[in-house]
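Chemist: Just a sequence and a predicted model for now, questions to come.
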Amino acid sequence: MSNKAGSVLWNLTQFSTLAPASRTLSIYSLRLCRPKIAHSKWNLRNLPFNDFGNRMWPSVRYLCQDAFIFKSRNGGFQSERLSVLTVFRVNRLLCSRRLSFDSKQSFVSVGTSHNGLKKVNFHHEVSSEDVVSQEMKPAPINYMKLSEEANSLSDVLDTFAKSPTFPSSKYFLAMWTIAKRMSDDQKRYEKQLMFKHPAFNQLCEQMMREMKIMRYDHLLFSLHAIVKLGVFQNTILVQTSLRVIQERINECDEKGLSVLSTLLEAMEPCKNVHALRTGLWLLVDQQVWKIKDVFILQTVMKYIGKDAPFALKRKLEMKALSELGRFSSLNSQCMFEVLSGMGHRSIALLNECSKRVIDTIHECPIKKLINILQSCKDLQYHNSELFKGIADYVTATFVIWKWKQIVFLLILFEKLGYRPADLMNLFMKKIVKEPELLTRKSVVPILHVYSSLNHINKQQNEEFLEVMASALTDDLHHVSSENLLNAVCSFCVMNYFPSALLDQLLQKDVIHELLTSGDKERNAHKLHFLNACLKLDHSSYGKAVDTALPLLPSSPSYPNAKVAEGLSRLLGDNKGSFSKDVQLPHNYHVDFEIRMDASKRAAVLCVPRSVYCLDSSHPRGYFAVKMRHLNIMGFHVVLVKNWEMEKLSAGDAVTLLKTKIYAAEVLPTTDGNLQSSY
């Protein structure tokens, strides 16, 4: 087939949906648009979602809501609320090659309808050069070639100004392709030149004229590029593009679904975006079982929106589960981020993909591992086998990873409550060996990770703490008061009291700043904790906070009812044998206090899983300090795990309490031993 004949056939295909009619949409008080025209039955594409019956379903393309149209005036943009929108269709065939436009002709005109309501008419003015030319012209270059030949955004606009060709979308795509290769500063400068370029407005006008005849996927890609290039969303170009995409949404194929969902994710909320997103939900709901490409399915899922209907999310989940047999290792790795993006916690998908990630962990780059852990945190998905697999792999390949990557991984492990002991030991060794790697921004987070997870390596603990304290002291004048407080509290958890840092923190002006600015309530809690450590841990520092601290509200108490019943049966009806909900000095609280004799007391703590590291009996930092301080105050600490107690019968609960309270072994105190599992 000749190029000329192919061009004519392409035009016929593109214009098969353009009926020689005018469509009027009225906006009613419910802020919905309703069509006032019957569709031509000869054109199947006019039927919503290709409905071959005679009934008329509500089409997605009429979901536009109370839209705004923006017209250029004196270099700026002005909005006008529309009541009636009339779109005149073109019944002339345009050439797929070069188009010529009269810049003086208006592509948006505002008028008044017969009932006095405002209306906007979009007229596609067509000159004689729009008709298929008898003279052969060179075929237009594609956007990839254009982006390779041009060195800047202005070069692309210069090319357009010299010889504009159809479609205009390739110029926007070329500019965005070039912009992605630039640094942030260069990109910012180039965008400024782009907006000032005399051909930019002409390109936008040509884009407006071509929207109705442009291929649908080109329209989607070009709007995505336009938004990414920084064109304001409230401009006539962007808003009209949204309306045309919405009107032609039934042309959206499988690939178009992924592009459209990605486009909407990049845009700010507005009524046209919301209407188009609603249309996307309806379209995906109808076509989900027809999606064949797994990556396209995952893209649609990731960007479908966290506010998408739960039924739609569930249907996408079922589709993904049915495709598990076709998942590659990359598909399994991406599934975590996909589910996090759509805000849907599918345990079945997460469990299956976790197994596959563990089996192919050597194929997973560090960035993907970080994304997996971040997604697990967002979804509140805790899988100790997955976390162990990642930690073991990073430990085995420790030398190939960058310092910042390891730090970020450890921060994520702490947020997930998982303690990768081997990795943390190796990291401690590296810090002791290469203290110059520490930076001001990394010291406080690293201290928080080790204190929160209550991780101590006896062989390197003292050196590690000294190196960390020295790094912070050397940069002390650049450390904020809150960061200094956080760092000192982390040291206190690990039973270490650096004098230089404490001297700076305990100054009255610093304490005053902490109590009067920032997160005042949190700072007050930390200062009370610091004071308790200085008084109870018999530190060599020998001072305490000498500023009056605000009183803290008492913590709510929910003593376990089964434990209370078991203690009553075990200790008898003597009301003096134990007390419930006891408040102790230094803001400590115990669920039950048992007086064994005149000199011996037991503190019964009913604890949730969160006080331990994930799937272990290793206590986390602040809980370990509480046990340490209760021991110092003369209590024998008895821990009752709530989730285990709930599974026991009343008789078994009494037996368990008796064993724990009257055990012959005396539990060791936690001075200098924060890793006691109790």
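Modeler: Noted; the coordinates are in hand.
Chemist: mind checking the SS state of Asp591?
Modeler: Secondary structure, DSSP: H, G, I helix; E, B strand; the rest coil: Asp591 is strand.
Chemist: and it, how many neighbours does it have?
Modeler: Asp591 has 22 neighbouring residues, counting by other C-beta atoms under 10 Å. To be clear about C-beta, it is placed using only N, CA and C from the backbone, and glycine gets the same treatment.
Chemist: right, and it touches Lys580 too?
Modeler: Yes: using C-beta atoms under 8 Å, Asp591 is in contact with Lys580, at 7.1 Å.
Chemist: Domain map for the chain?
Modeler: As assigned by automatic domain parsing, the chain contains the domains 1-251, 492-553, 561-661.
Chemist: For the second one, measure first residue to last.
Modeler: Counting by C-alpha to C-alpha, to the nearest Å, the length from the leading to the trailing residue of domain 492-553 is 23 Å.
Chemist: Wasn't Leu639 part of a strand?
Modeler: Yes: under three-state DSSP, Leu639 falls within a strand.
Chemist: what bridges to it?
Modeler: Leu605 (DSSP bridges).
Chemist: about what we covered before: quickly, which of the domains of the chain bottoms out on average pLDDT?
Modeler: Lowest mean pLDDT of these: domain 1-251, a mean of 61.
Chemist: what about Leu484, neighbour count?
Modeler: By other C-beta under 10 Å, the residues close to Leu484 number 19.
Chemist: Look up phi and psi at Met211.
Modeler: phi -60, psi -40 (degrees, to the nearest 10).
Chemist: any idea how far it lies from Ser168?
Modeler: Going from Met211 to Ser168 by C-beta to C-beta, to the nearest Å gives 9 Å.
Chemist: okay, now His477: neighbour count?
Modeler: Close neighbours of His477, defined as other C-beta under 10 Å, add up to 6.
Chemist: Repeat that for Phe592.
Modeler: Phe592, neighbours per other C-beta under 10 Å, totals 24.
Chemist: ok, it touching Ala561?
Modeler: No: contact criterion C-beta under 8 Å: Phe592 and Ala561 do not qualify, at 11.9 Å.
Chemist: give the contact list for Lys228.
Modeler: Residues near Lys228 by C-beta atoms under 8 Å, 6 or more residues apart in numbering: 176, 179, 266.
Chemist: Also Val640?
Modeler: 560, 563, 604-607, 656-657, 660.
Chemist: If you rank the residues you listed by neighbours, which is first?
Modeler: Within the contacts of Val640, most neighbours by other C-beta under 10 Å means Val604, with 26 neighbours.
Chemist: Now that one: closest residue in space, sequence neighbours ignored.
Modeler: Phe592 (3.9 Å; C-beta to C-beta, 6 or more residues apart in numbering).
Chemist: Please name the residues that touch the one you found.
Modeler: 559, 563-564, 567, 578-580, 582, 603-604.
Chemist: Tell me which two of those sit farthest apart.
Modeler: Among these, the pair separated by the greatest distance (C-beta to C-beta) is Ala564 and Ala603, at 14.8 Å.
Chemist: Of those two, which one has the most company?
Modeler: Taking neighbours as other C-beta under 10 Å, Ala564 and Ala603 compare with Ala603 leading, 24 against 16.
Chemist: I figured the more buried one was touching Phe635, is that so?
Modeler: Yes: at 4.0 Å, Ala603 counts as touching Phe635 under the criterion of C-beta under 8 Å.
Chemist: shared neighbours, those two?
Modeler: 590, 593.
Chemist: Just the ones of the contacts of Lys228 in helices?
Modeler: Counted as lying in helices by DSSP state H, out of the contacts of Lys228, are 176, 179.
Chemist: and the contacts of Lys228 as a markdown table, adding neighbour count?
Modeler: Conversion of those to a markdown table gives the following (neighbours: other C-beta atoms under 10 Å):
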| residue | neighbour count |
| --- | --- |
| Trp176 | 21 |
| Ala179 | 21 |
| Ala266 | 12 |
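Chemist: hang on, the earlier thing: distance of the residue nearest to Val604 relative to Leu501?
Modeler: Between Phe592 and Leu501 the computed distance is 38 Å (C-beta to C-beta).
Chemist: can you check Phe172 too?
Modeler: Phe172 is 55 Å from Leu501, by C-beta to C-beta.
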